[in-house]
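1. please work out how this folds:
(2 chains)
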Amino acid sequence: MLKIGKDETKCSGCRICELVCALKNTGECNPKKSFIKITANFPEPGYHIKMKGCKLCGECLKYCPTKALFIKEGEGEKIETAVVLKKESSLPGYGGKILRVDLSTGEIKTEDLEPEFARNYLGGRGFAAKLLYDLVKKGTDPLGPENKVIMAAGPLSGALVLANSKTTFASKSPLTGGYGDSNVGGHLAAEMKYAGYDAVVIGGKAEKPSYLFIDGDKVEIRDAEKYWGKGSMEAEKMLKSDLGKEFQIAVIGPAGENQVYFACISHDFGRQAGRTGIGAVLGSKNLKAVAIRGDKPVILADQKAMVRKTKETLEWCMKQPDLETWQKYGTPSVTVWANEIGALPYKNFQSEHMEDVSGLKETVMREKIVVHDKACMLCPMACGKYSHSKKEGKYDVLVEGPEYETIALCGSNCGFNDIQDVAYNNYLCDELGIDTISAGGVIAFAIECFEKSIITKEDTEGRELKFGDVETFEYLARKIAKKQGVGKVLADGVRLASQRFGKGSQDFAIHVKGLEWSGYGSRNALAMLLSYLTCDVGGHHNRSWAITSDIEMGRELLKGKPERVIFLQHARPMFDMLGACRLLWVELKLKLDYYTEMLKVVTDLDYTLEDIYKISERVWNLTRAFSIREIEGFGRAYDTPPARFLKEAVPSGPTKGKKLSMRKINKLLNKYYKLRGWTKSGIPTKKKLKELELEFVIPDLFPGKK
Amino acid sequence: MIKVELFFVPKNIVGREEIFLPAKNLKELLNKLVRDYPELKEVLFKKGRKREVSDHLIIMVDGLSARKLKTPLKNGATVIIFSVISGG
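-> Presented below is the predicted three-dimensional model:
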């Protein structure tokens, strides 16, 4: 008889075993039916593996990517695979419902997901963008009750597809005034699907602190007085303790409650939908959290094919030499590399290289602070690192991370070369509920303002602001979250803060469209630069990460760069629509076709990659249109870099002496707009909008013209 | 002597981020790396056959991208080798 061994120290919490068990034994794609349960110990590191009613078939052992489950002795019992659950569904793979909640009136209703909507916008970011465009009226105050927060899952989420649980949050951004979205991994999107929802639309404003309780069809707006004022992780822990560990939580911290413009949404003890300030929108609605759970199965178009393909894909992933690197170190592997190629931000992007980066190395991080690997739903890579950072008499914290972006912005960009300090900065941002990228940008900006006497000790309660100083970081982070003193100005982000401070500080306010620039200096990387300038939400790297293209194509060459950026801006957001993580694509060499194959077996949508890129282009133009509608003069004037990158050459490192020129930028933008079918001002033409079936946008972009 | 800086997968296999080796061109350099670290063969070359550089690899010679095996290396050159990533 089979004896199953368990090594909980190796479990990364990916829960592949749960879903495989349910599929084998009950025929349902539904982890609640599993005989094995993985529960997190957070905030303490690690996971519990519990088995109840196990038939000892050993199926889970075949899939466990970390060998936390293994054969102690014997062989698995030969049992028949359960009959596939047959249930009629006009939209297999989808939850089938959109939940709409009005916090002002208390009205809660569901509507059916329209097949045409699903076909045209796929899910995740696509659903969020279209719902937001339709439901938010022109001129809406981002922090007013009329603004909406859309939470959307993709068609692959909840199915047995590797790394499949990305949730998109979208809203009119308080930070940029335009379209904003951000996505988070973890387990949330899958749970939305098990609850039966593809999207949740949250509008209005609750009278008092509240949270949204969703347990399948049971939806309630509940009192959140006891959670209000608590840190993100503390509140998540309390909610899990009160409701049960099966609930997946999205929660804001004090910064969200206080409507800091770059407040984030946290989930799974340390993952964030960080960018564009949607945490502030939830705060403005008096909504502390969304707690969601469900026990419905995801109905698949071809369940057997899905299981077979996923098994093959997992075997492929496990054979890749790249897996170990990413499992062991995660995105912090990028830090030293970024420094060596001259892209690592240093002291508010004064430089793109740091003389000594030894204290931020991924190997140092692994050795000094990492205590456990942490996976998102169904991910064999487990690139998330759970860390314990402790300095006697200073701090002693558990935190997920830091990821590369946090190391770059809350580390080198704020003058740190000590991974323990960076992990503490990371913890502060997470618990207070501010985006680490924007926070690192804002704090570095404030320190430089202090060095240049633009702000003085009169503004800082007599305190000196210094780069590389944990006390400075903590002081500013807390002041920002509470909107006190100088923090009240900084809480609006670098664009508005620099307008308030004046005295030339606009030149070193590092942002695009009001969103703080993320972790890749681009004064000598023109494809990466173009990616930042044209990113729909502002200074963000994730839509098109093109810096290796720069290296391959020649960093200062223009030729081919706009084409490359547009390709990436269609391919990468595809993942955000499907609800999948893109790290398995390049890092583990999964072909992009794999995702169309999985879409077919999960949903029966028979799309080619070109079809999906077309949908991606539709969404790209729609989010651009949203910002054009909302912001006077939006277009080319907003696709510009910070003045620092034009005026100041990089002072050191491999890109020493490099700065940008408007001549080159204009050439890049001219070509980019032409290829996109946009005017020279960066506005989509009517022809392009019609081609993309976005006719409904035309009256908003061309008012009064026929 | 050539300074070789390794990142991501090659670095993890070699266990070091920096190696110094004599080599006249890229072919010689990569072959010497495979000689010392056989596991690298699959990572450095297309289908592990030593004829072409892997599509999954980027090599920079003194800051410029290089894919041709006959690329000459000057004494004192810096060669950066890394596996392709999609960025975070």
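2. the helices in chain B, which residues?
-> Shown for chain B, the helices assigned by DSSP state H span residues B:9-14, B:26-36, B:40-44.
3. in TSV, list the ones you listed along with distance to chain A.
-> Every residue, glycine included, has its C-beta placed from N, CA and C. What follows is these, written out as TSV (distance: least, C-beta to the nearest C-beta, whole Å):
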stretch	distance to chain A
helix B:9-14	4
helix B:26-36	14
helix B:40-44	6
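4. give me whichever of those is most buried.
-> helix B:9-14 (a mean of 23; mean count of other C-beta atoms under 10 Å in any protein chain shown).
5. which residues touch it?
-> Contact with helix B:9-14 is made by A:321-322, A:324-325, A:328-329, B:6, B:17, B:33, B:37, B:39-40, B:43-44, B:57, B:81-83, as judged by C-beta atoms under 8 Å, 6 or more residues apart in numbering or on different chains.
6. could you do stretch A:67-77 as well?
-> A:1-12, A:17, A:49, A:55-61, A:64.
7. which parts of that stretch are buried?
-> Within stretch A:67-77, the residues that qualify as buried by neighbour count (16 or more other C-beta atoms under 10 Å in any protein chain shown) are A:Ala68, A:Leu69, A:Gly76.
8. can you list the low-confidence ranges for chain B?
-> Scanning chain B for pLDDT under 70 picks out B:48, B:88.
9. in stretch B:64-74, which residues are buried?
-> B:Ser65, B:Ala66, B:Leu69, B:Thr71, B:Leu73.
10. make JSON lines from the residues you listed and add distance to A:Ser358 to it.
-> Output for the buried residues of stretch B:64-74, formatted as JSON lines (distance: C-beta to C-beta, whole Å):
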{"residue": "B:Ser65", "distance to A:Ser358": "27"}
{"residue": "B:Ala66", "distance to A:Ser358": "28"}
{"residue": "B:Leu69", "distance to A:Ser358": "33"}
{"residue": "B:Thr71", "distance to A:Ser358": "30"}
{"residue": "B:Leu73", "distance to A:Ser358": "27"}
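11. show me which of the residues you listed neighbour chain A.
-> B:Ser65 (C-beta under 8 Å from any C-beta of the partner chain).
12. near chain B, which residues of the stretch 501-650 of chain A?
-> Contact residues (C-beta under 8 Å from any C-beta) of the stretch 501-650 of chain A with chain B: A:520, A:541-542, A:545, A:547-548, A:551-554, A:572, A:582-583, A:585-587, A:589.
13. what about A:Lys656, neighbour count?
-> By other C-beta atoms under 10 Å in any protein chain shown, the residues close to A:Lys656 number 14.
14. got it, and the one 10 residues further on?
-> In terms of burial, A:Asn666 registers 12 neighbours under the definition other C-beta under 10 Å.
15. helix, strand or coil for it?
-> Assigned with DSSP: H, G, I helix; E, B strand; the rest coil, A:Asn666 falls in the helix class.
16. who's in contact with the residue nearest to the spatial centre of chain A?
-> Central residue of chain A (C-alpha atoms, centre = their mean): A:Asn183, 3.2 Å from the mean position. Contacts for A:Asn183 (C-beta under 8 Å, 6+ apart) come out as A:Gly124, A:Arg125, A:Lys166, A:Thr167, A:Thr168, A:Phe169, A:Ala273, A:Asp576.
17. show me those residues that map onto strands.
-> Judged by DSSP state E, strands contain the following of these: A:Thr167, A:Thr168, A:Phe169, A:Ala273.
18. the second one touches A:Leu132, doesn't it?
-> No. Judged on C-beta atoms under 8 Å, A:Thr168 makes no contact with A:Leu132 at a distance of 10.4 Å.
19. of these two, who's got more company?
-> Per other C-beta under 10 Å, whichever of A:Thr168 and A:Leu132 has more neighbours is A:Thr168, with 27 against 24.
20. tell me the contacts of that one?
-> Contact analysis of A:Thr168 by C-beta under 8 Å, 6+ apart lists A:124-125, A:127-128, A:150-152, A:154, A:181-183, A:273, A:576.
21. again, only using 10 Å
-> Listed by C-beta atoms under 10 Å, 6 or more residues apart in numbering or on different chains, the contact set of A:Thr168 reads A:123-129, A:150-154, A:181-184, A:189, A:199, A:273, A:573, A:576-577, A:579.
22. among those, which are in helices?
-> Under the assignment DSSP H, the contacts of A:Thr168 contribute A:Arg125, A:Gly126, A:Phe127, A:Ala128, A:Ala129, A:Ala189, A:Pro573, A:Asp576, A:Met577 to helices.
23. for the first one, grab the count of nearby residues.
-> Here the neighbour count serves as a burial measure; for A:Arg125 (other C-beta under 10 Å) it reads 32.
24. and the residue nearest to it when sequence neighbours are not counted, what pLDDT?
-> Distance criterion C-beta to C-beta, 6 or more residues apart in numbering or on different chains; nearest residue to A:Arg125, sequence neighbours excluded, is A:Asp576 at 3.9 Å. If you check A:Asp576, the pLDDT there is 97.
25. show me what contacts A:Asp576?
-> A:Asp576 neighbours (C-beta under 10 Å, 6+ apart): A:122-126, A:128-129, A:152, A:154, A:166-168, A:181-183, A:542-543, A:582, A:616, A:619.
26. next one: A:Ile278
-> A:142, A:147, A:149-151, A:169-175, A:180-182, A:250, A:252, A:256, A:262-265, A:435.
27. assign it to helix, strand or coil.
-> With three-state DSSP as the basis, the three-state label of A:Ile278 is helix.
28. before we move on, what about A:Glu563?
-> Under three-state DSSP, the three-state class of A:Glu563 is helix.
29. which residue packs closest to it, ignoring adjacent ones?
-> Residue nearest to A:Glu563 in three dimensions, not counting chain neighbours: A:Leu675, with 6.5 Å by C-beta to C-beta, 6+ apart.
30. wouldn't the one you found be in contact with A:Ile566 here?
-> Yes. With contact defined as C-beta atoms under 10 Å, A:Leu675 counts as touching A:Ile566 (5.8 Å).
31. higher neighbour count, those two?
-> It is A:Ile566, of A:Leu675 and A:Ile566, that has more neighbours when counted by other C-beta under 10 Å, with 20 against 12.
32. please tell me how far that one sits from chain B.
-> 17 Å (C-beta to the nearest C-beta, to the nearest Å).
33. quick one: that residue is in a helix?
-> Yes. Checked against three-state DSSP, A:Ile566 lies within a helix.
34. ok, now which ones touch it?
-> Per C-beta under 10 Å, 6+ apart, neighbours of A:Ile566: A:Leu530, A:Thr534, A:Ser544, A:Tyr613, A:Glu617, A:Trp620, A:Lys671, A:Tyr672, A:Leu675, A:Arg676.
35. can you redo those as TSV with secondary structure and pLDDT?
-> Shown next, in TSV, are these (DSSP: H, G, I helix; E, B strand; the rest coil; pLDDT from 0 to 100):
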residue	secondary structure	pLDDT
A:Leu530	helix	98
A:Thr534	helix	98
A:Ser544	coil	95
A:Tyr613	helix	97
A:Glu617	helix	98
A:Trp620	helix	98
A:Lys671	helix	98
A:Tyr672	helix	98
A:Leu675	helix	98
A:Arg676	helix	98
